[in-house]
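A.B. asks: dropping the sequence and predicted coords here.
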Amino acid sequence: MVASKGGRKLKLYEALELRAEFDARIKTLKDCLPEAKENRGWLRTMRDAEQRRPSPDFDLDTAREAVRRLELKRRKLNGAIQQANFHHQIDHGGETITLSEALETRKSLNEAIGELHSLVVEAAWQRVIYKEDRDIVEENEASYTDSVERLDQARLDFRELNRKLRAATFEVIVDFRDE
């Protein structure tokens, strides 16, 4: 498919969907090519009875050219998405940040949630060492209640930021013409 010059510009959510579609198309075409990882062994290790050749309606050069065109369009679309992410701003935590910064913040929050999850699980149990007919209890580094509160707050922050990002995808226009 060729991008039409008269098409409309895309909203960010549409651009993200189109990028995913380009990725899927590229993967399908590349998987059909003999140089694909899955197909490398076809030509080298096949038994005579299992030899393969391209179907009459499949042209390797056409497929390679289609991959090249789709990869170029994907790069241009990705650049337009990045430009939109750098220019559009949202409010978060009392300050105005770009969508690009918000995406990095969301990634950091997600990592923090994973770490806090581990902290909660660790804080739920105390280590008990049985020694000379008595139990020695090692105190946890963090309180279970405090850990749960921190995890819940991080999850709320993540949810709030994610909702703002999602809402922005319906508002922000990407400078790329739809097909």
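C.D. replies: The structure has been received and is ready for your questions.

A.B. asks: which of the three states applies to residue 171?
C.D. replies: Following DSSP: H, G, I helix; E, B strand; the rest coil, residue 171 is assigned to coil.

A.B. asks: gap between it and residue 28?
C.D. replies: Distance of residue 171 to residue 28, computed by C-beta to C-beta, to the nearest Å: 32 Å. In short, each C-beta sits where N, CA and C put it, glycine included.

A.B. asks: just residue 53 next, same as before
C.D. replies: 19 Å.

A.B. asks: and these two? which has more neighbours close in?
C.D. replies: residue 28 (13 against 7; other C-beta atoms under 10 Å).

A.B. asks: now the stretch of helix or strand the more buried one belongs to: buried residues?
C.D. replies: Residue 28 belongs to helix 12-32 when elements are defined using DSSP states H and E. Applying a neighbour-count criterion of 16 or more other C-beta atoms under 10 Å, one finds 12-15, 18-19, 22, 25-26, 29-30, 32 buried in helix 12-32.

A.B. asks: before we move on, what about stretch 94-105?
C.D. replies: 97, 99-102, 105.

A.B. asks: can you give me the strands for this structure?
C.D. replies: For the chain, the strands defined by DSSP state E cover 9-11, 89-92, 95-98, 127-131, 134-138, 173-177.

A.B. asks: now render those as TSV, adding mean pLDDT.
C.D. replies: Shown next, in TSV, are the strands of the chain (pLDDT from 0 to 100):
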stretch	mean pLDDT
strand 9-11	93
strand 89-92	96
strand 95-98	97
strand 127-131	76
strand 134-138	72
strand 173-177	92
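
A.B. asks: okay, the ones you listed in JSON lines with distance to residue 62 next?
C.D. replies: JSON lines is the format used below for these (distance: least, C-beta to C-beta, whole Å):
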{"stretch": "strand 9-11", "distance to residue 62": "27"}
{"stretch": "strand 89-92", "distance to residue 62": "44"}
{"stretch": "strand 95-98", "distance to residue 62": "41"}
{"stretch": "strand 127-131", "distance to residue 62": "65"}
{"stretch": "strand 134-138", "distance to residue 62": "68"}
{"stretch": "strand 173-177", "distance to residue 62": "24"}
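
A.B. asks: so which of these gets nearest residue 162?
C.D. replies: Taking C-beta to C-beta, strand 89-92 is the member of those nearest to residue 162, at 10.7 Å.

A.B. asks: packing partners of that closest one?
C.D. replies: Identification of packing neighbours for strand 89-92 by 3 or more C-beta pairs under 8 Å, 6 or more residues apart in numbering; DSSP states H and E yields strand 95-98, helix 99-123, helix 144-169.

A.B. asks: give me that answer again for 6 Å
C.D. replies: With contacts taken as 3 or more C-beta pairs under 6 Å, 6 or more residues apart in numbering; DSSP states H and E, strand 89-92 sits against helix 144-169.
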